[in-house]
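Asks: for reference, the sequence and a predicted model appear below.
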Amino acid sequence: MVTWIKPQEMFHSMPELSLLAWTAMLSAFTAKGHFASAKKTFDSMPERSFVSYNAMLASFVKFRKYDSALNLFQVMPERNLISSTTILTALANGKHLEKAKEVFDGMEERDIVSWNAMLTAYALCSGLEEGRILFDGMPKRNLISWNAMLTAYAQSGHLEESKFLFDTMPFQDLVASNTMLAAYADNGELEKAKSIFDDIQSGDKFSWTTLLVANVNRGELEQANAIFVMTPEHDIVSWTTMLGAYANLGRFQEAIEIFSMIKLVDSPDAPCFLLVLLVCSHAGKASIGRGYFFSMRVDYGIKSTKEHFSCMVDLLGRGGSLGDARDLISSMPYVPESLDYRSFLRSQRDGTTTPIQREARDQFRVDLDVRECDESSSSYVLLSSSLLP
C-alpha cells in the first residue's frame, strides 16, 4: 500500500533543504492559491536565485498585488526576460501605463509576450494612438496581439475601426467575435450584433448572454425570450437578465416562474432577490414578497442590503401593512433615507401623527437635496398630508 505524503510534510522532513526545494515549495503554494504560505516561504529562504525571485514575482501578479510586485522587481539583484515580462504584465493589469513604458523601454530583450503586455497596457489605459503605433511596429503579431488592439478600439466605442481591424484579422477566434458582438450590443447596434452572432460557428455563454441583454435593452422582449429558450447553457447572468426584464415590465407571473426555475437549477443571488421583491411590490403581493425576504437570509444565507430593506418598506406600504413598514424602518440596520420615508408616507394617510412621522418630518427638512427639488416637493406634500389632522 502506497502512503501519500503531503508536499509540506515531505518538505519539512528533508534533512537538508536545497534552494531548488525552497523554490519548488514556493511555486507549489502559489499554484494551489495559498499566497500567505508562498510569501512566508519566500521570506524564510536562506538564499534566493533569480528563479525564486521570479516565482515570488509571479505569485504577486497572480494574486493581483501589483504594487508589491513592483517593489520586489525594483530590488531584484538580477532580472531576465521572464521577470521583466512578468512585471510588465502586472503594470498593465494595474493600469500603471507610465511605469509600464519605463520597463518596456528599458528591456534589452523582448519577445511576443512582452510586446503583447505593453499593448495590453495601452488598451487598458485608453492609449489608442500610442497602442496603434506599437501594434503597427510589432516585429511579430499573434492572435493575442490582434485581440488586444481590437478590444482597445471596441471598448472605446470606435466601432468602425473595430470592424475594419476585425475584418483584416488573419484569423478570427471566439474572443474576437465576442468582442465585436459586445461592442455593437453596448452601442445599441442590435442588427449588427445579430449579424456577428449569426456568423459565430459555436458561441459560448458570453455570446448568448450578450445577445440576450442587447435584446432586453432594446425592449425586444419576445425575441429575448426566444434567445433565452434557445440558449444551450444558462448562468446566473442570463437568468437575472430575463428576471429583470419581466420585473421592470411588472409581469408578475412570468417573473415568478423564472425565479422558481433559478431556484431549481442554480442558486439565486442578492440581485435576483431584489428583482423578485420589486415585482412583488408592484403587484401588491406582500405576503409572497415577505416570504422571499426571509428565505433570502434563512435558506440562502444572503445578507439583506439597504436596497432589499427599502424594497420591503415599499412592498409592505403598498400592501397596507403600515405597522410592519414602520417597524422595519425603525429596526433595519441601515440609516433610513428619504426614499424609505416616501414609501411609508405614500401609504400613511389615516390622519394620525406617529413618532416615525415626526422623524420623517425632521429627516426631510435636513436631508433633502436642492437638486432633487421636483422629487422633494412631492415628498413634502406626502409629509404634510400625513401630518394634517
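Replies: Thanks, I have it.

Asks: alpha carbons only for contacts and neighbour counts from here, please
Replies: OK.

Asks: residues in contact with L275?
Replies: For L275, the contact set (CA atoms under 8 Å, 6 or more residues apart in numbering) comprises L243, G244, A247.

Asks: test my guess that the first one contacts I262.
Replies: No. Look at L243 against I262 with CA atoms under 8 Å: they stay out of range, at 9.5 Å.

Asks: who's more crowded, the two?
Replies: Neighbours around L243 and I262, counted as other CA atoms under 10 Å, are more numerous at L243. The numbers are 26 against 20.

Asks: what count of nearby residues applies to the closest residue to that one other than its chain neighbours?
Replies: For L243, ignoring the flanking residues on the chain, the nearest one in space by CA to CA, 6 or more residues apart in numbering is A255 at 5.4 Å. Applying other CA under 10 Å, we find 24 residues neighbouring A255.

Asks: distance of A255 from W208?
Replies: With distances defined as CA to CA, to the nearest Å, the gap from A255 to W208 amounts to 20 Å.

Asks: which pLDDT value does the model give A152?
Replies: pLDDT, A152: 92.

Asks: equivalent analysis for the one 10 residues further on, please.
Replies: Note on S162: pLDDT of 94.

Asks: please identify the helix or strand for it.
Replies: S162 belongs to helix 159-168 when assigned by DSSP states H and E.

Asks: which strands and helices lie in contact with that helix?
Replies: Under the contact criterion of 3 or more CA pairs under 8 Å, 6 or more residues apart in numbering; DSSP states H and E, the helices and strands touching helix 159-168 comprise helix 143-155, helix 174-186.

Asks: pull out the buried residues from the first one.
Replies: By 16 or more other CA atoms under 10 Å, the buried positions in helix 143-155 come out as I144, S145, W146, N147, A148, M149, L150, T151, A152, Y153, A154, Q155.

Asks: that one to helix 174-186, inter-axis angle?
Replies: Inter-element angle recorded for helix 143-155 and helix 174-186: 0 degrees (by axes from the mean of the first three to the mean of the last three CA atoms, to 10 degrees).

Asks: please tell me how far helix 143-155 is from the chain's geometric centre.
Replies: The chain centroid and the centroid of helix 143-155 are separated by 21 Å, computed with CA atoms, centre = their mean, to the nearest Å.

Asks: sorry, back to before: for the residue nearest to L243, what are its contacts?
Replies: Taking CA under 8 Å, 6+ apart as the criterion, A255 is in contact with M242, L243, G244, Y246, A247, V276, V279.

Asks: tell me the secondary structure of the third one, please.
Replies: Going back to what we said before, that points to G244. Put simply, G244 is helix when judged by DSSP: H, G, I helix; E, B strand; the rest coil.

Asks: how about the helices in the stretch 51-200 of the chain?
Replies: Along the stretch 51-200 of the chain, the stretches classed as helices by DSSP state H, counting those that start in this stretch are 66-75, 81-93, 97-106, 112-124, 128-136, 143-155, 159-168, 174-186, 190-199.

Asks: what angle do the first one and helix 97-106 make?
Replies: What that stands for is helix 66-75. Calculated by the same axes, to 10 degrees, helix 66-75 forms an angle of 30 degrees with helix 97-106.

Asks: quick one: helix 66-75 to helix 81-93, angle?
Replies: Here helix 66-75 runs at an angle of 150 degrees relative to helix 81-93 (the same axes, to 10 degrees).

Asks: so for helix 66-75, mean pLDDT?
Replies: 90.

Asks: what sits up against that helix?
Replies: For helix 66-75, the external contacting residues (CA under 8 Å, 6+ apart) are L57, F60, V61, S83, I87, A90, L91, G94.

Asks: these into JSON lines, with extra columns for distance to R290, neighbour count and pLDDT?
Replies: Formatted as JSON lines, the entries for these read as follows, by distance: CA to CA, whole Å; neighbours: other CA atoms under 10 Å; pLDDT from 0 to 100:
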{"residue": "L57", "distance to R290": "51", "neighbour count": "26", "pLDDT": "91"}
{"residue": "F60", "distance to R290": "46", "neighbour count": "24", "pLDDT": "90"}
{"residue": "V61", "distance to R290": "45", "neighbour count": "23", "pLDDT": "90"}
{"residue": "S83", "distance to R290": "56", "neighbour count": "20", "pLDDT": "91"}
{"residue": "I87", "distance to R290": "51", "neighbour count": "30", "pLDDT": "92"}
{"residue": "A90", "distance to R290": "47", "neighbour count": "27", "pLDDT": "89"}
{"residue": "L91", "distance to R290": "48", "neighbour count": "26", "pLDDT": "89"}
{"residue": "G94", "distance to R290": "43", "neighbour count": "18", "pLDDT": "86"}
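
Asks: turn those residues into a markdown table, including distance to K303.
Replies: Rendered in a markdown table, the data for the contacts of helix 66-75 read as follows (distance: CA to CA, whole Å):
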| residue | distance to K303 |
| --- | --- |
| L57 | 37 |
| F60 | 31 |
| V61 | 31 |
| S83 | 43 |
| I87 | 38 |
| A90 | 34 |
| L91 | 35 |
| G94 | 31 |
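
Asks: widest-spaced pair of those?
Replies: Taking CA to CA as the measure, these span a maximum distance of 16.4 Å, between S83 and G94.

Asks: where in the chain is pLDDT low?
Replies: 1-16, 338, 341-389 (pLDDT under 70).

Asks: geometrically speaking, which residue is the centre of it?
Replies: V237 (10.8 Å; CA atoms, centre = their mean).

Asks: any idea how far that one lies from L211?
Replies: When CA to CA is applied, the distance between V237 and L211 equals 12 Å.

Asks: cool, A55 as well?
Replies: When CA to CA is the yardstick, A55 and L211 sit 41 Å from each other.

Asks: contacting residues for L211?
Replies: For L211, the contact set (CA under 8 Å, 6+ apart) comprises L181, A185, A193, K194, F197, I227.
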